[in-house]
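Enquirer: Let me see the structure of the following:
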Amino acid sequence: MKINTKLRYGLRMLLALAEEPDKVRSTAELGEAMRVSPKYLRKLAGPMEKAGLIDSVQGIYGGYRLQMSPDRISIQMLFSAFSEKIRLSHCVNGDTCPLFDACYARPLWDYLVDLIECRFASITLTDIIQRTFDRSLSPENVQPARRM
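Expert: Down below sits the predicted model:
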């Protein structure tokens, strides 16, 4: 699974806005801080605004701000804003596979996608900024499987 540029920069934009949730920030200001083209940020803003994550403010002092508190915006909401799905394998999302109904591995891929989506739904912008998301599944806490 690879997180695309829209999601990476969309998350960075949301996090930059979450630092001062009530402040309106222009794409020029955000672009300079993020080292991303303001034009690209405006392109990203459309789907995030449509999804209710951010508001646009028109005028000379216009720009963007979060539409809700950062503790209510989850990573899964960002994925939904861009209509992105987590794909671990082509067969998970219903792509054509002659073994789709008989595959023994597909339930594992389905389970892992559900697990990731559940985790993404529980991690908010505030969690990321404060680094308070649950790390119980981090690599240093997972014991390697014993080989038989």
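
Enquirer: Was I right to think Ala18 contacts Gln130?
Expert: No: counting by Cβ atoms under 8 Å, Ala18 stays clear of Gln130, with 10.4 Å between them. C-betas here are computed from N, CA, C, even on glycine.

Enquirer: so who does Asp55 touch?
Expert: Glu49, Tyr64, Arg65, Leu66, Gln67 (Cβ atoms under 8 Å, 6 or more residues apart in numbering).

Enquirer: Ile54 is in contact with the second one, correct?
Expert: Yes: with contacts defined as Cβ under 8 Å, Tyr64 counts as touching Ile54 at a distance of 4.9 Å.

Enquirer: any idea how far stretch 124-131 is from the chain center?
Expert: 12 Å (Cα atoms, centre = their mean, to the nearest Å).

Enquirer: For Ala18 and Gln130, indicate the residue with more neighbours.
Expert: Ala18 (19 against 11; other Cβ atoms under 10 Å).

Enquirer: did I read that right, that one in a helix?
Expert: Yes: assessed by DSSP: H, G, I helix; E, B strand; the rest coil, Ala18 belongs to a helix.

Enquirer: pLDDT weak spots in this protein?
Expert: Within the chain, the segments meeting pLDDT under 70 span 1, 91-96, 135-148.

Enquirer: Buried residues of the helix ranked longest in it, list them for me.
Expert: In the chain, with assignment by DSSP state H, the single longest helix is helix 106-122. For helix 106-122, the neighbour count (16 or more other Cβ atoms under 10 Å) marks Arg106, Trp109, Val113, Ile116, Phe120 as buried.

Enquirer: what's it packed up against?
Expert: helix 75-81 (3 or more Cβ pairs under 8 Å, 6 or more residues apart in numbering; DSSP states H and E).

Enquirer: Put the alpha carbons of the helix it packs on into CSV.
Expert: Provided in CSV are the C-alpha atoms of helix 75-81 (Å, rounded to 0.1, in the frame of the first residue of the first chain):
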residue,chain,number,x,y,z
ILE,A,75,-7.6,10.2,8.7
GLN,A,76,-10.4,8.1,7.3
MET,A,77,-12.4,11.3,6.6
LEU,A,78,-9.5,12.5,4.5
PHE,A,79,-9.5,9.2,2.5
SER,A,80,-13.2,9.6,2.0
ALA,A,81,-12.8,13.2,0.9
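
Enquirer: I'm done for today, thanks for sticking with me.
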